[in-house]
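Colleague: Got a predicted structure plus its sequence, pasted below:
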Amino acid sequence: MSAKTLILALAATLVATPAMAQDGPPEPEFAPRVDRPTCTRAELQELTAAYVAAQEAGDLSGLPLLDNAHFLENFETVERDAGLWNTALPVAHSLSFHDDTRCKTFTEMVVTENETPYVIGTRLFVHEGQILRVDSIVTQPGNWLFNANSYLHYSSTEDWSELHPYQRTDPAEMIRGANAYLDAFADKFTDIPWGVPCARLEGGAYTNRDGRPDASCEVGIPPGVLYIVERDYLIDEEMGVINVFCRFGSSEGAPDSHTFRYIDGKFRLIHTLNPIPGPQAADDGSVPGFNPNAEES
């Protein structure tokens with residue numbers, strides 16, 4: 001191709017795409033994730049308190065939401081006016097964790113005095129004082145090991161107080177340990193930082209109903225090979241907490257929330273929420289006739 005032909009071809013390309021040259025790429029439908037957001041811990045704490053109040057009122061209008069904030073429920077995009085946050089709910093108990101490095105919050109809410117009981121786990125994604133994303137996992141009767149009464153009883157009696165600095169765990173080790181736990185669903189030989197005593201609250205099922213001082217969360221991993229993907233981390237160093245949003249099995253797999261409480265580098269409390277159909281826990285946290293670690297027949 002001659003130089004003259006090449007120049008003419010380039011000129012034709014520029015003439016054919018004036019809109020792209022002048023206007024740039026189209027605006028995103030939703031506020032994009034920010035890879036290095038800015039926030040303060042006090043700001044995040046104010047937002048989670050406001051979020052719980054908003055859920056109790058069924059009205060998000062008091063929150064500093066971007067006009068194009070992204071709303072998700074069980075990992076599916078929903079319209080702002082279609083989510084459960086528009087329903088006034090009597091929140092019986094809540095726990096909130098704050099990551100002022102990644103500017104994310106996680107709030108766990110238990111609703112028992114309602115026609116439909118719920119256990120809800122919601123993340124807020126924040127940048128410069130505004131909420132970019134509201135991401136809720138909503139569990140209710142019929143979901144995996146669900147029992148809101150049991151969840152309320154055990155979560156409200158556990159110790160989730162702020163840790164002494166000497167009891168805290170390095171964030172890199174928190175991520176390593178959480179990954180080791182989730183990797184164990186596919187590889188049963190990972191190095192999981194089990195601690196004692198430790199209790200796991202899964203939907204409503206509880207592993208230390210007797211309050212034993214020697215209780216362990218090492219009660220077995222279900223058989224088979226299952227990959228846990230799309231892991232997204234939130235770390236509250238002062239509380240010794242890492243929360244992981246993820247999917248079970250594939251990019252289309254079940255939404256899941258795992259919250260790990262570290263003390264002195266070891267797991268001491270684990271909470272999980274999973275909105276898939278499954279057996280139901282009893283009010284005392286037991287699951288009669290169900291063994292999650294049994295081999296399939």
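Modeller: Cool, the structure landed.
Colleague: right, and V110 touches A148 too?
Modeller: Yes. Proximity of V110 to A148 meets the contact threshold set by Cβ atoms under 8 Å, at 5.8 Å. To be clear about C-beta, it is placed using only N, CA and C from the backbone, and glycine gets the same treatment.
Colleague: Now do the strands in this protein.
Modeller: Along the chain, counting by DSSP state E, strands occupy 65-73, 76-77, 93-99, 104-111, 118-127, 130-139, 194-202, 205-206, 228-236, 241-248, 254-263, 266-273.
Colleague: so how far is the last one from its chain's centroid?
Modeller: Its chain's C-alpha centre lies 13 Å from the corresponding centre of strand 266-273 when counted by Cα atoms, centre = their mean, to the nearest Å.
Colleague: So what touches it?
Modeller: Contacts to strand 266-273, defined as Cβ atoms under 8 Å, 6 or more residues apart in numbering, come from residues 108, 119, 121, 137, 139, 155, 158, 160, 177, 181, 192-203, 217, 256-262.
Colleague: repeat that for 7 Å
Modeller: 108, 119, 121, 137, 139, 158, 177, 193-195, 198-203, 217, 256-262 (Cβ atoms under 7 Å, 6 or more residues apart in numbering).
Colleague: Could I have the PyMOL command that selects the buried members from those?
Modeller: Provided next is the PyMOL selection string for whichever of those are buried by 16 or more other Cβ atoms under 10 Å:
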select buried, resi 108+119+121+137+139+158+177+193+195+198+199+200+201+202+203+217+256+257+258+259+260+261+262
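Colleague: Just send the strands of the chain back as TSV, with distance to Q280 too.
Modeller: Shown next, in TSV, are those (distance: least, Cβ to Cβ, whole Å):
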stretch	distance to Q280
strand 65-73	22
strand 76-77	24
strand 93-99	20
strand 104-111	16
strand 118-127	13
strand 130-139	11
strand 194-202	12
strand 205-206	9
strand 228-236	24
strand 241-248	19
strand 254-263	17
strand 266-273	15
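Colleague: Output these as JSON lines; include the columns distance to G83 and mean pLDDT.
Modeller: As requested, the strands of the chain are exported to JSON lines (distance: least, Cβ to Cβ, whole Å; pLDDT from 0 to 100):
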{"stretch": "strand 65-73", "distance to G83": "5", "mean pLDDT": "97"}
{"stretch": "strand 76-77", "distance to G83": "10", "mean pLDDT": "96"}
{"stretch": "strand 93-99", "distance to G83": "17", "mean pLDDT": "98"}
{"stretch": "strand 104-111", "distance to G83": "14", "mean pLDDT": "98"}
{"stretch": "strand 118-127", "distance to G83": "10", "mean pLDDT": "98"}
{"stretch": "strand 130-139", "distance to G83": "7", "mean pLDDT": "98"}
{"stretch": "strand 194-202", "distance to G83": "24", "mean pLDDT": "97"}
{"stretch": "strand 205-206", "distance to G83": "27", "mean pLDDT": "98"}
{"stretch": "strand 228-236", "distance to G83": "19", "mean pLDDT": "98"}
{"stretch": "strand 241-248", "distance to G83": "16", "mean pLDDT": "97"}
{"stretch": "strand 254-263", "distance to G83": "14", "mean pLDDT": "97"}
{"stretch": "strand 266-273", "distance to G83": "16", "mean pLDDT": "98"}
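Colleague: Run through the neighbouring helices and strands of the helix ranked longest in the chain.
Modeller: The residue-count maximum for a helix in the chain (DSSP state H) belongs to helix 41-57. Here helix 41-57 touches strand 93-99, strand 104-111, strand 118-127, going by 3 or more Cβ pairs under 7 Å, 6 or more residues apart in numbering; DSSP states H and E.
Colleague: just to revisit the earlier point, okay, and the common contacts of V110 and A148?
Modeller: V119.
Colleague: How about the contacts made by the nearest residue to L44 once chain neighbours are set aside?
Modeller: What sits nearest to L44 in space, not counting adjacent residues and going by Cβ to Cβ, 6 or more residues apart in numbering, is H98, at 4.1 Å. By Cβ under 7 Å, 6+ apart, the contact set of H98 is R41, L44, Q45, T48, T105, D236.
Colleague: Give me the buried subset of those residues.
Modeller: L44, T48, T105, D236.
Colleague: need the residues you listed in JSON lines with distance to A31, can you?
Modeller: Output for those, formatted as JSON lines (distance: Cβ to Cβ, whole Å):
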{"residue": "L44", "distance to A31": "17"}
{"residue": "T48", "distance to A31": "19"}
{"residue": "T105", "distance to A31": "16"}
{"residue": "D236", "distance to A31": "23"}
